[in-house]
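A.B. asks: Predicted model, plus sequence, below.
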Amino acid sequence: MDLGSRIKEEREKLNLSQDELAEKMDISRQAISKWETGKSYPDIEKILKLSNLFHLSLDELVKGDKAFQENLIKEGKAGMSGLTILGYVTAALGIIVCVWGGAEYSFSLTDGSFMSFLVGGLVLITCGLACIRSTPIRLLLGALYITGAAVIVYMIGLRMPLYVLLSGIVVTSGLAWWLTTIILNVKKKALFKK
């Protein structure tokens, strides 16, 4: 039996209307209606409340509803992993570094001190975004290319000899291209798994 039918059956056994059950659950009647018709599922907190209200074990309440079990597994995987948290912290640190550099030094693409902060911050932001699984690919690639451009501008501002500057530009461009192919391949594999 699916979860929606089980909720309706148990509600009717207790002679409760959808409104009365909604009041006991501190939610809207529409939510109860959506659960009973299978249009949505209650979260785990509401499942526990229903289990107590109906005097059923969790197993008795949800057993047999494969779609709900898959939804629960999907929601569990969608939670933040340690890597995602690290990504957010790293990206936030990158923003702080950029702002700090702008506050300490005047905005100038030829000032080595300002550019050190800017490039360092952009690298942190890009690395942070790469760690966050839900980052849109365009945002990640955009951050990568902006960071690469900032590195090249930084090298130009340092007034390096021409052969060193050209070597740096080739290495930076090659690294950006290589990382782009990796990002696109990872994204493609993730799409095929779905």
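C.D. replies: Yes, it's here.
A.B. asks: Ile27 in helix, strand or coil?
C.D. replies: Ile27 falls in the coil class when you classify it by DSSP: H, G, I helix; E, B strand; the rest coil.
A.B. asks: Now do the helices in this structure.
C.D. replies: Secondary structure of the chain (DSSP state H): helices at 3-13, 18-25, 29-37, 44-54, 58-62, 66-78, 82-104, 112-131, 137-157, 162-193.
A.B. asks: ok, for the most centrally placed residue in the chain, nearest residue in space, not its chain neighbours?
C.D. replies: Residue closest to the average C-alpha location in the chain (C-alpha atoms, centre = their mean): Ser134, at 3.6 Å. Spatial nearest neighbour of Ser134, chain neighbours left out: Thr84 (7.7 Å); criterion: C-beta to C-beta, 6 or more residues apart in numbering. Every residue, glycine included, has its C-beta placed from N, CA and C.
A.B. asks: same deal with Phe68?
C.D. replies: Nearest residue to Phe68, sequence neighbours excluded (C-beta to C-beta, 6+ apart): Leu3, at 4.7 Å.
A.B. asks: Then Ser106?
C.D. replies: That would be Phe114: by C-beta to C-beta, 6+ apart, it lies 6.9 Å from Ser106.
A.B. asks: wait, doesn't that neighbour sit right on Gly102?
C.D. replies: Yes: under the criterion of C-beta atoms under 8 Å, Phe114 makes contact with Gly102 at 7.3 Å.
A.B. asks: Looking at these two, which has the bigger crowd around it?
C.D. replies: Phe114 (20 against 14; other C-beta atoms under 10 Å).
A.B. asks: what sits against the more buried one?
C.D. replies: Phe114 makes contacts with 101-102, 104-108, as judged by C-beta atoms under 8 Å, 6 or more residues apart in numbering.
A.B. asks: Dump the helices of the chain to TSV, plus mean pLDDT.
C.D. replies: Shown next, in TSV, are the helices of the chain (pLDDT from 0 to 100):
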stretch	mean pLDDT
helix 3-13	89
helix 18-25	90
helix 29-37	90
helix 44-54	86
helix 58-62	77
helix 66-78	65
helix 82-104	90
helix 112-131	92
helix 137-157	92
helix 162-193	84
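A.B. asks: deepest of the ones you listed, which one?
C.D. replies: helix 112-131 (a mean of 19; mean count of other C-beta atoms under 10 Å).
A.B. asks: What would it look like as CSV? C-alpha coordinates only.
C.D. replies: Taking Å, rounded to 0.1, in the frame of the first residue of the first chain, the C-alpha atoms of helix 112-131 are listed here in CSV:
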residue,chain,number,x,y,z
GLY,A,112,51.0,44.1,-7.6
SER,A,113,49.7,44.2,-4.0
PHE,A,114,46.1,44.7,-5.0
MET,A,115,46.3,42.1,-7.7
SER,A,116,47.8,39.5,-5.3
PHE,A,117,44.7,39.8,-3.1
LEU,A,118,42.4,39.7,-6.2
VAL,A,119,44.0,36.7,-7.8
GLY,A,120,44.3,34.8,-4.5
GLY,A,121,40.6,35.5,-3.7
LEU,A,122,39.5,34.5,-7.2
VAL,A,123,41.4,31.2,-6.9
LEU,A,124,39.7,30.5,-3.6
ILE,A,125,36.3,31.3,-5.0
THR,A,126,36.8,29.1,-8.0
CYS,A,127,38.1,26.2,-5.9
GLY,A,128,35.1,26.7,-3.5
LEU,A,129,32.6,26.6,-6.4
ALA,A,130,34.3,23.4,-7.8
CYS,A,131,33.6,21.7,-4.4
